[in-house]
Structures are given as C-alpha cells and as structure tokens.
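S.K.: got a predicted model here, sequence first, then my questions.
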Amino acid sequence: MRQRLVVVLAIASGILFLNPAFAAEKIGTVDVGKLFDEYKKTQEYDKDLEQKANAYEKDRDAKISDVKQLQDKLGLLADAEKDKKQKELEDKVKSVREFSLTKESELKKERDERLKEVLKDIESAVEEYAKKEGYSMIFNDRVFVYNNKASDITPKVLESLQSGYKKPAAKEGK
C-alpha cells in the first residue's frame, strides 16, 4: 500500500513539475506597500492633504479660541447679559462641531478617492508590466510565508509607474 502511494505521488509530481506548461509559467511578486509609498503621486497627494488638514486645524483652532474668549467674558457679565451670551456661546460651540465634522468628512472622502486612484494606477502598471514581460501571474508579496527575491519585480514596476506619472499643472487661483 505504501509503495503504491509513493509511486502515485512520484508520478503526480512528475506530471506537475515536468510538464512544459508549468515550466514555462513566469511568476513574479510585487510589494504593493512599497509601490504605494514610493509612488510620486502618493507623495504629492499626501503633501496636499497635509496642507489642507493644517489649514482646517488652523481654522478650527481660531473658532475654538473665539469660543474660549466668549466663555471667559461670560463669567464677568451680569445675569441679564449672561443669558444672551449663553445662547451665542451655544451657537458657536454647535458651529465649531459642525465645521469639524464637515471638514473631517471632506478630508476623509478626498483621501479615500485619492487612495483608490493611486491603487488603480498601481494595478494598471503591474498589469501592463506583466503583459509586456510575459508574466502569467503576479502576486502581492504579503501573501507568502517565503518568497525568493529573484521573483520580486517591484523596482521594475515602480520605475514604470514613475515614468508613466505626469505631475499635473498647478491650478490657478489656489
């Protein structure tokens, strides 16, 4: 029985590994994280989003400062004026919350859209490179426990990705 199993396994592995169709397969891997991080478009998008986030934080901090000043004044006022200013304070606090929620949502949406765009660029570059170089399969390197670095085509795909990226012209009025 054991002898039969060994013979069957030997035949099966011979068919799989000696079959010319399997021998001709060209397989590669890419480090999607590295492509994402080192892609010029990602870096430019990150800088742009950081600038927008800093501008938002500056606006938010100014609004919070106004609220704090109003709170400080509130303690010094007579009761009749306190009621008026209390309503004004509540309105400002509500306005700051709405501003924060809106801006954070806008930034998140923009970041997500840009992330999708960059990942689509990477996917297209990998596909184009694979077709041009005759690869039948390209795997994300994160799914392997072990990978021979000789199959890593990340630097070549990154080069192709970078060469295909044209920095958009600066928009007027910004």
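M.R.: That came through, no problem. Numbering: from 1, shown residues only.
S.K.: packing partners for whichever strand or helix holds residue 122?
M.R.: Using DSSP states H and E, residue 122 falls within helix 79-133. Under the contact criterion of 3 or more CB pairs under 8 Å, 6 or more residues apart in numbering; DSSP states H and E, helix 79-133 touches helix 32-38, helix 40-74, helix 154-164. (C-beta placed from N, C-alpha, C; glycine too.)
S.K.: that helix - what's its average pLDDT?
M.R.: If you average the pLDDT over helix 79-133, you get 89.
S.K.: could you check the angle helix 40-74 makes with that helix?
M.R.: Inter-element angle recorded for helix 79-133 and helix 40-74: 170 degrees (by axes from the mean of the first three to the mean of the last three CA atoms, to 10 degrees).
S.K.: check contacts around residue 40.
M.R.: Counting by CB atoms under 8 Å, 6 or more residues apart in numbering, residue 40 touches 162, 165, 167.
S.K.: contacting residues around stretch 86-97?
M.R.: By CB under 8 Å, 6+ apart, stretch 86-97 touches 60, 63-64, 66-67, 70-71, 74.
S.K.: quick one: stretch 140-150 to chain centroid distance?
M.R.: Relative to its chain's centre, stretch 140-150 lies at 21 Å (CA atoms, centre = their mean, to the nearest Å).
S.K.: over to stretch 134-141?
M.R.: 22 Å.
S.K.: how about residue 28, phi and psi?
M.R.: With angles defined as degrees, to the nearest 10, residue 28 sits at phi -140, psi 170.
S.K.: and for residue 165?
M.R.: The phi/psi pair for residue 165 (degrees, to the nearest 10) is phi -90, psi 120.
S.K.: number of residues surrounding it?
M.R.: The local packing of residue 165 (other CB atoms under 10 Å) involves 16 other residues.
S.K.: how far away is it from residue 71?
M.R.: 49 Å (CB to CB, to the nearest Å).
S.K.: for residue 4, report the pLDDT, please.
M.R.: On the pLDDT scale, residue 4 gets 57.
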